[in-house]
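Asks: Fold the following.
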Amino acid sequence: MWKLVYFRHTRETYEDGLETIRLIKKLDIDFIRFFSLTPYGELARKLGEYGTMVENDLSKFQGNEIVFVPHSMTKEQLEKLISTAYTEYYFRARFIFKRLKSLLRGSP
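Replies: Residues are numbered from 1 along each chain as shown. As a prediction, the model looks like this:
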């Protein structure tokens, strides 16, 4: 099962993001991707009251780069949050054992 998680709420704090990670680690998901909010068009123009667009190059609006930072955290905190999410999710013993078991059975 795949799951996409966006750290995107305009009022979400770094601590809220850590709580989201803690809750996600309890789920039985095979693969997960973490993203920050990437606003487009009219939404991007209205977000000034919630945060700052740090990138306007549309080629970077693919979800892999941070282009919007909410006022509730810094760009560095958002980067650390996404990095922490990947590390804490994929380096859990439960996930590693599940993947090893799957590989030994010949399943993807």
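Asks: only C-alpha atoms for contact and neighbour calcs from this point on.
Replies: Fine.
Asks: packing partners for whichever helix or strand Asp16 is part of?
Replies: Here Asp16 sits within helix 14-24, counting by DSSP states H and E. The helices and strands touching helix 14-24, judged by 3 or more CA pairs under 8 Å, 6 or more residues apart in numbering; DSSP states H and E, are helix 75-90.
Asks: Mind listing residues that contact the helix it packs on?
Replies: Here helix 75-90 makes contact (CA atoms under 8 Å, 6 or more residues apart in numbering) with 7, 14, 17-18, 21, 24-25, 33-36, 66, 69, 95-96.
Asks: Which of those residues has the largest number of neighbours?
Replies: Within the contacts of helix 75-90, most neighbours by other CA atoms under 10 Å means Val69, with 25 neighbours.
Asks: what pairs with the helix or strand containing that one, and is each one parallel or antiparallel?
Replies: Using DSSP H and E, the element containing Val69 is strand 68-70. Here strand 68-70 has these sheet partners by DSSP bridges: strand 51-53 (antiparallel).
Asks: what mean pLDDT does the strand it pairs with have?
Replies: Mean pLDDT, computed over strand 51-53, is 86.
Asks: Same question for that strand: list its buried residues.
Replies: For strand 51-53, the neighbour count (16 or more other CA atoms under 10 Å) marks Gly51, Thr52, Met53 as buried.
Asks: What is the neighbour count of the closest residue in space to the last one that isn't next to it in sequence?
Replies: The shortest distance from Met53 to any residue other than its chain neighbours is 4.4 Å, reached at Phe68 (CA to CA, 6 or more residues apart in numbering). Taking other CA under 10 Å as the neighbour definition, Phe68 ends up with a count of 25.
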